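**Student:** Could you work out the structure for the sequence below:
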Amino acid sequence: MAAQLPPTHVAASFPLPHVLAHAAIAPTLLAQGAEGRLYKTNHLHPSRPAALKYRPSKPYRHPILDARLTRARILAEARILYRCRREAVPVPLVFALDEAAGWLLLEWISGDPVRVAINTWLAQKHPTASSRPRAAVAQKVASLGSRISEEQEDDDSTHQQKQQQQGDVPKHQVRENTNQDDKGTTGKWSDEETENGGEARRRIREDAPLKALMRNVGTVVGKLHRAGIVHGDLTTSNMMLRPPPTADSGIETAETATDSGAKASLDGDIVLIDFGLSSQSSSDEDRAVDLYVLERAFGSTHPRAEVLFPEVLEGYRGALPAKQATSVLRKLEDVRMRGRKRSMVG
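**Tutor:** From the prediction side, this is the model:
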């Protein structure tokens, strides 16, 4: 997966592909990966942005081998995108390509990655204790600690007075015992956090817009597999949430969830991107591995919303014929078992 970079004009950072060398508006480097770079450019028209995926030559490879690999991968990705469009799978439109020069010009998908949309929604709709204002948290901890300390001091002094009356405890140990650290505070706070965490999980599980988004993710993946294509790198970073067009102009809204003060929204269409590792396959094994990669990525990127991953599988089940979906999900259980064994072995 490509590393996300701060949007910057990069005329001096990297040598630009020849097609962008004389662009009227300087392109913006969005991401840098092991195999290529992603630019935002107005190469086609000043008012119409596009995404240019560029695979630069690798000096460590033999020139002939490098040219063959670059050409094959550019053409393979373009063919898969064309097949997806033909099968009504939501993917970017291919505007142009040059397999010899190593670039692919794609439709620009506005909006945020699904990863950002989900995390922004969780932060605004289901804030955790760690996301509350620090002053409020500190005040709550301080009041809780002082109350527990006072209760324990009262209990300790009463217990020590009784022991002194019985002659069991020397007087010089009374001060040492009353100055011991309060060991009950952490346990009390953990109990409260556990209770609140269960309530938070219940609210997330009942979040209708989030559940609908998860089902849409599963539906889009199901359409992709129904077309005979496996993605190879299914993560919520490789899915865009394109905002719906405005009612008056029919133009997509420009506001994104990452803008400061922007309100979280899960409205829009999911578009799959980054098909650099994709391939054509109708194997249940390949489809199950695709789902397993998404499940693992989802658990690591959105651990609080992992309880909703079954909604993804429900959406997937509805996008495929019943027999195919059942076979793939059964194979997914086998892949999970192999993944657990590998995790235990190391």
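**Student:** What residues of stretch 21-32 count as buried?
**Tutor:** For stretch 21-32, burial by neighbour count (16 or more other Cβ atoms under 10 Å) applies to 27-31. Quick note: C-beta positions are derived from backbone N, CA and C, even for glycine.
**Student:** Can you show me the CA trace of it as PDB?
**Tutor:** Output of stretch 21-32 as PDB, limited to C-alpha atoms (Å, rounded to 0.1, in the frame of the first residue of the first chain):
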ATOM      1  CA  ALA A  21       6.800  17.800 -17.500                       C
ATOM      2  CA  HIS A  22       5.200  20.800 -19.200                       C
ATOM      3  CA  ALA A  23       1.800  20.900 -17.400                       C
ATOM      4  CA  ALA A  24       0.300  24.400 -17.000                       C
ATOM      5  CA  ILE A  25      -0.600  23.600 -13.400                       C
ATOM      6  CA  ALA A  26       2.000  21.900 -11.400                       C
ATOM      7  CA  PRO A  27       0.900  18.300 -10.400                       C
ATOM      8  CA  THR A  28       0.600  17.300  -6.700                       C
ATOM      9  CA  LEU A  29       2.300  14.200  -5.400                       C
ATOM     10  CA  LEU A  30      -0.300  12.400  -3.200                       C
ATOM     11  CA  ALA A  31       1.400   9.000  -2.400                       C
ATOM     12  CA  GLN A  32       4.600   7.200  -2.900                       C
END
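**Student:** and the longest strand for this structure?
**Tutor:** For the chain, the longest strand by residue count, based on DSSP state E, is strand 37-45.
**Student:** and it, which residues are buried?
**Tutor:** Buried residues in strand 37-45, counted by 16+ other Cβ under 10 Å: 37-43.
**Student:** and residue 327, what does it touch?
**Tutor:** Taking Cβ atoms under 8 Å, 6 or more residues apart in numbering, we find residue 327 in contact with residue 284.
**Student:** how close does it sit to residue 244?
**Tutor:** Residue 327 is 35 Å from residue 244, where distance means Cβ to Cβ, to the nearest Å.
**Student:** for the stretch 101-250 of the chain, what are the low-confidence residue spans?
**Tutor:** 129-197, 246-250 (pLDDT under 70).
**Student:** the strands in the stretch 101-250 of the chain, which residues?
**Tutor:** Assigned by DSSP state E, counting those that start in this stretch, the stretch 101-250 of the chain shows strands spanning 103-107, 112-113, 229-230, 239-242.
**Student:** now those in CSV, with distance to residue 299?
**Tutor:** Listed next are these as CSV, based on distance: least, Cβ to Cβ, whole Å:
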stretch, distance to residue 299
strand 103-107, 29
strand 112-113, 17
strand 229-230, 20
strand 239-242, 16
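**Student:** Quick check: which of those has the most neighbours on average?
**Tutor:** strand 229-230 (a mean of 26; mean count of other Cβ atoms under 10 Å).
**Student:** how about the helices in this protein?
**Tutor:** 63-86, 114-125, 134-166, 174-178, 185-205, 208-226, 284-301, 309-319, 322-345 (DSSP state H).
**Student:** What is the first one packed up against?
**Tutor:** On a contact count with 3 or more Cβ pairs under 8 Å, 6 or more residues apart in numbering; DSSP states H and E, helix 63-86 meets strand 94-98, strand 103-107, strand 229-230, strand 279-280.
**Student:** among these, which is nearest residue 296?
**Tutor:** Closest to residue 296 of the helices and strands packed on helix 63-86 is strand 229-230 (Cβ to Cβ; 15.5 Å).
**Student:** Which secondary structure elements does the closest one sit against?
**Tutor:** Strand 229-230 sits against helix 63-86, strand 279-280, helix 284-301, with contacts defined as 3+ Cβ pairs under 8 Å, 6+ apart.
**Student:** what about 7 Å?
**Tutor:** Packing partners of strand 229-230 (3 or more Cβ pairs under 7 Å, 6 or more residues apart in numbering; DSSP states H and E): helix 63-86, helix 284-301.
**Student:** got those helices as a markdown table, with mean pLDDT, mean neighbour count and distance to residue 50 columns?
**Tutor:** As requested, these are arranged in a markdown table below (pLDDT from 0 to 100; neighbours: other Cβ atoms under 10 Å; distance: least, Cβ to Cβ, whole Å):
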| stretch | mean pLDDT | mean neighbour count | distance to residue 50 |
| --- | --- | --- | --- |
| helix 63-86 | 96 | 16 | 14 |
| helix 284-301 | 95 | 19 | 27 |
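**Student:** I'd like a version of these in a markdown table, one that adds distance to residue 109 as further columns.
**Tutor:** Compiled in a markdown table, those are given as follows (distance: least, Cβ to Cβ, whole Å):
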| stretch | distance to residue 109 |
| --- | --- |
| helix 63-86 | 12 |
| helix 284-301 | 19 |
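**Student:** between those, which one is nearest to residue 313?
**Tutor:** When those are compared (using Cβ to Cβ), the closest one is helix 284-301, at 7.5 Å.
**Student:** Report all helices and strands that the closest one contacts.
**Tutor:** By 3+ Cβ pairs under 7 Å, 6+ apart, helix 284-301 packs against strand 229-230, helix 322-345.
**Student:** the domain parsing of this protein - what is it?
**Tutor:** Listed domain ranges for the chain are 3-108, 114-121+208-345, 128-205 (source: automatic domain parsing).
**Student:** Would you mind naming the residues that bridge with residue 103?
**Tutor:** Note on residue 103: beta-bridge partners residue 54, residue 98, judged by DSSP bridges.
**Student:** how close does it sit to residue 216?
**Tutor:** Distance from residue 103 to residue 216, by Cβ to Cβ: 31 Å.
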